[in-house]
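> Curious how this folds, go ahead:
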Amino acid sequence: MVSGPVDWRYASLGRRLHAELGSSDYRLKLGLFSERALDPTVKLASSIAERVPNVLSTERDAMPDQWEALQTLVAGSFVHLPLPAPPSAIPDWSAIAASCLATLNKIKAKQELKGGKEVWSFFQTFRYNRSTYKHEPEKPHGGTTELICQSGLAAALLSCARLEPRNAEAFREVGRELSIGIQYFFDTKSEFFQNSFSPEGEEWKRGVIDTWYAFNNLYQVIRVTLETRESKLVKSSLCAVERIIKFVHACHYEIPLLAKIAPAIKAGSASDGTIIGYALNPSVLGIYAALLIKSAELFPEKSTRYQEEALESLGRLHRWPLSQLFHEPVQLALAASAAHALGQKTLRDDFTRCLLLCCYRDGPNVGLFQGCAGQRYPAFRETVEAVQHLIEWMDKDPRSVPLRDIVTLSMCNTAKFLETTGDSKSLPKEGLQSIEQEKAAEIGVAIYAAPGIFELARIQVLGNIR
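The predicted structure follows:
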């Protein structure tokens, strides 16, 4: 029992915490978990704490933190609910990618810019139970091209071309066509790559952004720039990376889901990153760390600074409650990937286990991952974004988690998303039916998910998953 007045945010319980903390007046947060590291002299045997002499055996210096608890939960879950064996026949994703590219080539369109220049792009429209691809917008903002589609496809195609000799030239040709148009999404006023083009809407006019789009798009732009090394894109990419660092610092690493960004001349000021609404998006720091790792590769003269900033952001992300980290599975996947690149095994494994809480473990959707924002249906894009990074360490620790089996099951069951006939052949549907969302398979087909087709072809080769 706690006697005396209690501050319900913190409680002085008189516990013996780690001596190096420097004071005898420690505080533990009330709740399930502690923020303190466990005393290394404490050894738990069943429910009994064995301690050093002269310390009561019923006490423990700190409650387990959330990551220790998650490790126990995830490891135990695979013991009590083992995964089914992956099918012996795995789809040939290289062949599917070639079919997908043939469909994309039929629906891509040239967009005329001011001055008569033309670039290749895709117009995307979702409609219930079907998607339409219109070569001309009905009105200036009606058929806006999205960078999430343009940069994602360019990055996936160019990366796949390096590993897939059967279709390398065809993949590279379309990837480079799309990469040329990326430069036009760069907004010189804010120094952000905006998600929409032509320059209409809230992003361009008022600086209102969805941070998940902004960070993810820049990550993909950096991937494209690493492949093409096109001089204008290199210059814009460096500008955008430096700008997004200032934005994150202005937010004190607490990134809003929707934010108003300041003009570049006021970057990093109190007016930069103003929150719209109430929602934060903590795990977007995972994408931030990953784009910094890629930027360190693109700009080696800045690699030390970018890597240190990536590590700082991962450390701050690691302090957030687990319950607030699930806006997008890719954010956790990229956090784990960045930690892996930095040699931070503990962070990598913690973020991996957290990511796996979004994974379907049994039934027809086993191995697939939940859509963004807890939408309670398996989504193609989110599944691929999870497993394409898991392959980097799937044969390493954590040994208690069968990552290779998860990736293999994912590569089998993602084929269920594909359209098999018509003008959308080999393009993926957004979602599949689940118990909670019976009509998720009717949302429609989306080009913005199509990069996953080429990513699966790439990781099938990298992971030797046949």
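> need the helices for the stretch 151-300 of the chain, in chain order.
Applying DSSP state H, counting those that start in this stretch to the stretch 151-300 of the chain gives helices spanning 168-182, 201-206, 211-228, 231-250, 284-298.
> Out of the ones you listed, which is the most enclosed?
Of all the helices of the stretch 151-300 of the chain, helix 284-298 has the most neighbours on average by mean count of other CB atoms under 10 Å, namely a mean of 26. From N, CA and C alone the C-beta is placed, and that goes for glycine too.
> can I see the domain layout of the chain?
Listed by automatic domain parsing, the domain ranges of the chain are 10-64, 93-462.
> quick one, which of those is nearest to F78?
Across those, the minimum distance to F78, taken as CB to CB, is reached by domain 93-462, at 6.3 Å.
> Quick one: end-to-end distance for the closest one.
This stretch, domain 93-462, spans 12 Å end to end (CA to CA, to the nearest Å).
> one step back: of all the domains of the chain, which one is nearest Q71?
So among these, domain 93-462 is nearest, using CB to CB, at 6.3 Å.
> Tell me how far the closest one lies from the chain's centre.
7 Å (CA atoms, centre = their mean, to the nearest Å).
> Now that domain: average pLDDT?
Averaged across domain 93-462, the pLDDT comes to 88.
> And the residue lying closest to L427 once chain neighbours are set aside, its phi and psi?
Of all residues beyond its chain neighbours, the one nearest L427 is V445 (5.0 Å), with distances taken as CB to CB, 6 or more residues apart in numbering. Phi and psi for V445, reported as degrees, to the nearest 10, are phi -100, psi 140.
> Could you tell me how many residues sit around V445?
27 (other CB atoms under 10 Å).
> For Y253, give me its contacts.
The contact partners of Y253, by CB atoms under 8 Å, 6 or more residues apart in numbering, come to 285, 312-313, 316.
> which of these are buried?
Buried subset of these (neighbour count, 16 or more other CB atoms under 10 Å): 285, 313, 316.
> From the contact counts, what lies against the helix or strand where A338 lies?
Following DSSP states H and E, one finds A338 within helix 329-341. Applying 3 or more CB pairs under 8 Å, 6 or more residues apart in numbering; DSSP states H and E, we find helix 329-341 packed against helix 211-228, helix 284-298, helix 303-317, helix 345-356, helix 380-390.
> I'd like these written out as CSV, with distance to F326 added.
Converted to CSV, the helices and strands packed on helix 329-341 look like this (distance: least, CB to CB, whole Å):
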stretch, distance to F326
helix 211-228, 12
helix 284-298, 12
helix 303-317, 13
helix 345-356, 8
helix 380-390, 11
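> Ok, which of the ones you listed comes nearest P329?
Using CB to CB, the nearest of the helices and strands packed on helix 329-341 to P329 is helix 380-390, at 4.6 Å.
> and the closest one, what does it pack onto?
By 3+ CB pairs under 8 Å, 6+ apart, helix 380-390 packs against helix 329-341, helix 403-413, helix 451-462.
> Just say which of these is most tucked in.
helix 329-341 (a mean of 27).
> OK, contacts around the spatially most central residue of the chain?
In the chain, the centroid-proximal residue (CA atoms, centre = their mean) is V330; its distance is 2.1 Å. If a contact means CB under 8 Å, 6+ apart, then V330 has 216, 286-287, 382, 385-386 as its contacts.
> and with 6 Å instead?
E385 (CB atoms under 6 Å, 6 or more residues apart in numbering).
> again with the one 5 residues further on
For A335, the residues meeting the contact criterion (CB under 6 Å, 6+ apart) are 286, 351.
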